[in-house]
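Colleague: heads up, no residue letters with this:
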C-alpha cells in the first residue's frame with residue numbers, strides 16, 4: 001500500500017485532492033489541486049511549494065488566487081448599489097475558478113463556467129453580467145492592487161469576451177385590453193403596484209422600496225412627486241417619479257397602511273412584484289410573454305405614441321441624463337405632469353395604441369391616430 005503524500009487530502013464526491021499544509025514563513029496553504037489523479041496532484045503540490053519558497057527566500061511576488069481577488073473586490077465595494085448581485089455572480093464563478101491563480105484565469109478557463117450556465121438555460125445577458133465582474137476584478141488586479149513592493153497582483157489582464165447567443169427577450173408593451181386582462185387577475189396589492197408602475201415607468205425595486213419620506217408636496221402645483229435617492233437608483237442619479245391622476249389615486253389608497261413603506265402586504269413591505277401570483281395571472285390572462293419590466297416598456301411606448309419628446313421621456317423613464325432632479329423648476333415639473341397625464345388610464349384623450357404581433361417574427365407594430373408605424377426595439 002502506497003504511503004499518502006503529506007499535505008494532500010482527498011475530499012468531496014468527485015475525490016478531488018486538496019492541499020492542506022503548514023509552511024514556515026507563510027502559514028497555512030489550503031487550496032484545491034483541481035484533479036482527482038494523485039500523481040497530477042503531487043506535481044501541482046510540488047509546483048506550489050516551489051513558488052512559495054521563491055516568494056519567502058527571494059521575495060518573489062505572491063501568487064494570489066481568483067478567490068482572494070474576489071474577496072478583496074467585495075470588501076472594497078460594499079457601498080456599490082449592485083454589490084449583492086456581484087456577490088451572487090462570484091459565488092457561482094468561484095466553483096469553477098476560485099482556486100486558480102490569477103494568471104491562469106482567462107477565456108479558456110472560463111469555458112466550463114459559460115457552458116454550465118448555458119446548460120442551465122441562463123440568458124446570455126446574465127452570463128455577460130457575470131463575466132463583466134470577472135473582467136473588473138482582473139483589471140483591478142493588474143492596474144490598482146499591488147503588494148508591499150509596488151508589484152501588481154497581475155501583470156496583464158486577459159481579454160474576456162462576452163457571449164453572443166442571440167437569445168435576448170424582446171420588449172412586450174401591452175395594449176389597454178391586455179393590461180385590463182392581466183391586472184384583473186392580480187391580487188389587490190400587486191394590482192396597485194403594477195398600476196403605479198405602468199403609469200410612472202418606475203423599476204420594480206423602485207416600486208417595492210418606495211418610502212413615504214421620499215414624497216414631496218408641490219403646493220404651487222397642487223401635486224406631489226417622489227424623489228428616490230441616487231444610491232438606490234440603477235443609473236446613480238436621483239430618480240424623479242412624476243404622478244398622473246391614476247398614479248396619484250394609487251398613492252392615496254395606500255395612505256395610512258404603513259408609516260414607512262408605500263406598498264405593503266399584511267403590514268410588511270413587498271420584496272418583488274414577480275411572484276407566483278404574478279406568473280399565475282400572466283398565464284390565466286394568456287399573456288405568457290409579459291414580464292414585470294414590460295410595464296415600464298408599456299409606459300414608454302405610450303408616452304411616445306402620445307407625442308411626448310425624447311428628452312422628456314428620458315427624464316420620466318429615469319434614464320441617465322446628467323441632471324439633478326431635485327433642481328427642476330415648478331414649470332418643468334408641471335410640463336412633466338402634463339406629459340404623464342397623456343397616458344393616464346382615466347384620460348379619454350390618450351391616443352389609441354393597438355399592438356399587432358406576428359406569430360412567427362414577434363415583430364411589433366403600432367396603429368396610433370389612424371397611422372401605422374413600426375415600433376423600434378428601443379424606447
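Modeller: Received the coordinates, thanks. From a predicted model like this one, the values you see are computed outputs, not experimental measurements.

Colleague: the domain parsing of the protein - what is it?
Modeller: What automatic domain parsing lists as the domains of the chain is 8-58, 66-143, 176-374.

Colleague: could I get those in a markdown table, plus columns for mean neighbour count and mean pLDDT?
Modeller: C-betas here are computed from N, CA, C, even on glycine. Shown next, in a markdown table, are these (neighbours: other CB atoms under 10 Å; pLDDT from 0 to 100):
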| stretch | mean neighbour count | mean pLDDT |
| --- | --- | --- |
| domain 8-58 | 14 | 82 |
| domain 66-143 | 16 | 93 |
| domain 176-374 | 16 | 83 |
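
Colleague: please enumerate the strands of the protein.
Modeller: 8-11, 16-23, 27-32, 215-218, 223-228, 239-242, 264-265, 268-269, 354-357, 364-368, 371-374 (DSSP state E).

Colleague: in CSV, list those strands along with distance to residue 340.
Modeller: Output for those, formatted as CSV (distance: least, CB to CB, whole Å):
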stretch, distance to residue 340
strand 8-11, 59
strand 16-23, 58
strand 27-32, 55
strand 215-218, 14
strand 223-228, 10
strand 239-242, 5
strand 264-265, 24
strand 268-269, 25
strand 354-357, 21
strand 364-368, 17
strand 371-374, 22
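
Colleague: out of the ones you listed, flag the one nearest residue 249.
Modeller: strand 223-228 (12.4 Å; CB to CB).

Colleague: list the contacts for residue 146?
Modeller: 152, 153 (CB atoms under 8 Å, 6 or more residues apart in numbering).

Colleague: typo on my end, residue 22
Modeller: 28, 29.

Colleague: and the gap between the closest residue to residue 342 other than its chain neighbours and residue 94?
Modeller: Among residues not flanking residue 342 along the chain, residue 306 sits closest, at 4.0 Å (CB to CB, 6 or more residues apart in numbering). Separation of residue 306 from residue 94 (CB to CB, to the nearest Å) stands at 48 Å.

Colleague: repeat that for residue 169.
Modeller: Counting by CB to CB, the gap from residue 169 to residue 94 is 28 Å.

Colleague: residue 344 and residue 91, how far apart?
Modeller: 43 Å.

Colleague: also residue 75?
Modeller: In terms of CB to CB, residue 75 sits 15 Å off from residue 91.
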